[in-house]
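J.: This is a predicted model, with the sequence first.
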Amino acid sequence: MPDTKTPTNETKVTKSEEQWRRELTPMQYAVLREKATERPFSGEYEHDHRAGTYVCAGCGNVLFESDAKFDSGCGWPSFTQPAVESHIDEETDQSHGMIRTEVLCSKCSGHLGHVFPDGPGPTGLRYCINSAALKLDPK
């Protein structure tokens, strides 16, 4: 049976900028479509400890599970791994005089945040994600 959660070219979400602006809050639009970053410690999910699944605020793609979330102290929700590897795309980001790995939703290409190699086990990764890019589907 095929994995119905894994996006294919047919399931890519493409919308006009006008559609995105209508459907997203101004902060969601700035983060997801313009690659902005919310202020540290200001996001809705920074200190949220409810169990559930975090999905993309732009398209509903499953991104992270609450059991992979940890308090990194960095000011943004942090996760050790994505819920489904193929739901996350990574690109090199050389903005702001730094070289980082940008994390994007594989379904709508929305900017989520960045991943760093300074997280806890078992992956050693820290997916540092903007709350505005996420919606929590509580268990």
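T.: In hand now; what should we look at?
J.: buried set for stretch 33-43?
T.: Of the residues in stretch 33-43, R33, K35, T37, E38, G43 count as buried by neighbour count, 16 or more other Cβ atoms under 10 Å. Any C-beta I mention is one placed from the backbone N, CA and C, and that applies to glycine too.
J.: List of residues touching that stretch?
T.: 17, 20, 24, 27, 30-31, 58, 74-77, 95, 102, 110-111, 113, 130-132 (Cβ atoms under 8 Å, 6 or more residues apart in numbering).
J.: Only whichever of these are buried, select them in ChimeraX.
T.: Buried residues among the contacts of stretch 33-43 (16+ other Cβ under 10 Å), as a ChimeraX selection:
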select :20,24,27,30,31,58,76,77,102,110,111,113,130,131,132
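J.: Out of the contacts of stretch 33-43, list just those in helices.
T.: Judged by DSSP state H, the contacts of stretch 33-43 include E17, W20, M27, A30, V31 as members of helices.
J.: In terms of helices and strands, where is the closest residue to the second one other than its chain neighbours?
T.: Right, W20. Distances taken as Cβ to Cβ, 6 or more residues apart in numbering place R33 nearest to W20, at 5.3 Å, with adjacent residues excluded. Using DSSP states H and E, R33 sits in helix 26-34.
J.: Can you name the element that comes right after that helix?
T.: strand 52-56.
J.: Point to the residue nearest the middle of this protein.
T.: Among the residues of the chain, the one closest to the centroid is L112, at 3.5 Å (Cα atoms, centre = their mean).
J.: Wait, that one touches L104, no?
T.: Yes - the criterion here is Cβ atoms under 8 Å, and L112 meets it with L104 at 6.2 Å.
J.: so what's in contact with these two at the same time?
T.: Counting by Cβ under 8 Å, 6+ apart, the residues touching both L112 and L104 are I88.
J.: Tell me which residues touch the residue nearest to the centre of the chain, please.
T.: So L112 contacts L32, C56, L63, I88, V103, L104, C105, Y127, I129, N130, A133, L134 (Cβ under 8 Å, 6+ apart).
J.: One more pass at 10 Å, please.
T.: Applying Cβ atoms under 10 Å, 6 or more residues apart in numbering to L112 gives the contacts 31-32, 35, 54, 56-58, 63-64, 82, 88-89, 102-105, 127-130, 132-134.
J.: Thanks again, I'm all set now.
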